[in-house]
Structures are given as C-alpha cells and as structure tokens.
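Engineer: need a structure here:
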Amino acid sequence: MASKKNKPVEPAEKPETVDETVAEQQTEEQPQTVTMTQEELETVKKHIDELQKKLDDTIALLQRNQADFDNFRKRNASVRADSYDEGKRDCIKALLPVLDDFDRVAESDSSAEGWADGVKLVHKKFAEILQKEGLTEIPSDGAFDPELHNAVMTEAVEGMESGNIVQTFQKGYQVKDKIIRHSMVKVSE
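Structural biologist: Here you go, the predicted model:
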C-alpha cells in the first residue's frame with residue numbers, strides 16, 4: 001500500500017559533480033514534481049474539496065452573521081427612537097394637568113389675589129409632577145461645590161467664610177445622579 005504522505009521523488013542517479021548554487025536556483029525556479037498513485041490523487045482531491053466546502057460554509061456563516069448584526073443595529077436604532085418618543089409623550093401627558101390648570105386660571109374672573117393663589121397652586125402641582133418623575137432641586141446654601149454650582153459672581157461679605165454661597169440666581173436640578181442644570185450662584189470671597 002502506498003504512503004499517504006507526499007514525498008518528492010528522487011532521481012535514480014545523482015550526478016557526481018553538481019554546483020550547489022545552480023541546484024538551489026533550479027529548485028526555486030522550477031516546480032517540484034511529485035508522483036502519486038490514482039488513489040492518493042483522489043484522496044488529495046477529496047481533502048481539497050472538503051476544505052473548500054468548509055471555507056464556503058464559513059464565508060456563508062460570516063455573511064449571515066454580518067447581515068444579522070446589521071439588522072440588529074437597525075432594529076436597535078428604531079427601538080431607541082421609539083423609546084425616546086414614548087418618553088416624550090409620557091412627559092407631556094404628565095404635564096397636561098398643569099396646562100389645564102393654567103387654562104382655568106387664565107379664564108377665571110377672580111381678583112388679583114385669587115389669581116395669584118391659583119398660579120401658586122398650579123406651580124405646586126407642576127413641582128409635584130416633576131418630583132414624581134425624579135427631579136430634585138440641588139441645594140444652594142452653604143459651601144460652593146463646582147460639581148453642583150455655577151459661580152457667576154463673587155462678593156466680599158463680612159462675617160462669612162470665603163467659598164460660601166451668598167445668593168442663588170437660578171435653582172439647579174438633577175434627576176437621580178445626573179445634573180440637568182447647575183445652580184447659578186454668587187459666592188463670597
């Protein structure tokens with residue numbers, strides 16, 4: 001039985017004197033000749049066909065994975081956009097009672113004091129809705145914190161340590177740990 005390993009066939013006779021550099025050049029320039037039996041040739045062809053099939057299967061799998069990933073990316077972008085729109089709709093829906101209250105206050109014929117009380121009630125309702133959604137006010141009394149406050153002015157104040165908040169111009173807010181707006185404050189020198 002013939003061996004399955006491909007071995008180069010050596011010539012029957014070797015010339016007695018061969019220049020090594022010429023021999024090396026000849027082997028690099030000329031393809032090597034191998035003699036095989038028909039059975040060995042069929043085995044090699046079968047192996048090549050199996051490798052080609054595996055290569056084709058792998059390429060097809062990679063193409064399917066790429067298509068699946070592209071579909072996932074498109075679907076994810078669509079879901080993200082839909083979720084964002086749904087969040088906006090939920091926020092607006094939560095604020096509609098405040099708009100209704102403002103409409104009622106605007107339509108009322110009450111006195112200036114009654115009108116002011118109505119606006120205060122609407123303000124209170126509005127603040128409660130935002131608090132339910134996770135909005136909290138950033139404290140703006142005590143020491144200045146650059147992570148929470150935006151100092152727009154400084155003033156020397158007697159009896160107050162340097163770096164304390166003197167006045168708040170605009171309240172700051174955060175939702176959970178994310179700052180929505182920094183407090184705008186005046187700080188003592």
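Engineer: which residue ranges of this structure form strands?
Structural biologist: Secondary structure of the chain (DSSP state E): strands located at 135-138, 149-155, 165-170, 172-175, 178-181, 183-188.
Engineer: what's the neighbour count on residue 157?
Structural biologist: Counted with other C-beta atoms under 10 Å, residues neighbouring residue 157 total 15. Placement of C-beta: from N, CA and C, glycine included.
Engineer: quick check: it touching residue 166?
Structural biologist: Yes. In this structure residue 157 lies within contact range of residue 166 using C-beta atoms under 8 Å: 5.7 Å.
Engineer: spit out the contact partners of residue 136.
Structural biologist: 173-175 (C-beta atoms under 8 Å, 6 or more residues apart in numbering).
Engineer: give me the pLDDT for residue 112.
Structural biologist: Per-residue confidence (pLDDT) for residue 112: 75.
Engineer: and it, how far from residue 60?
Structural biologist: 78 Å (C-beta to C-beta, to the nearest Å).
Engineer: more neighbours: which of those two?
Structural biologist: For residue 112 and residue 60, the more surrounded residue by other C-beta under 10 Å is residue 60, and the numbers stand at 10 against 7.
Engineer: relative to residue 188, how far out is that one?
Structural biologist: For residue 60 relative to residue 188 (C-beta to C-beta), the value is 72 Å.
Engineer: what residue ranges in this protein score low on pLDDT?
Structural biologist: Residue ranges of the chain with pLDDT under 70: 1-29.
Engineer: one more pass at 90, please.
Structural biologist: Within the chain, the stretches with pLDDT under 90 are 1-36, 85, 87-122, 125-134, 140-142, 155-163, 176-177, 180, 189.
Engineer: helices of that one, residue ranges please.
Structural biologist: 20-29, 38-107, 112-132 (DSSP state H).
Engineer: now tabulate the ones you listed in CSV and tack on distance to residue 149.
Structural biologist: Listed next are those as CSV, based on distance: least, C-beta to C-beta, whole Å:
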stretch, distance to residue 149
helix 20-29, 77
helix 38-107, 26
helix 112-132, 20
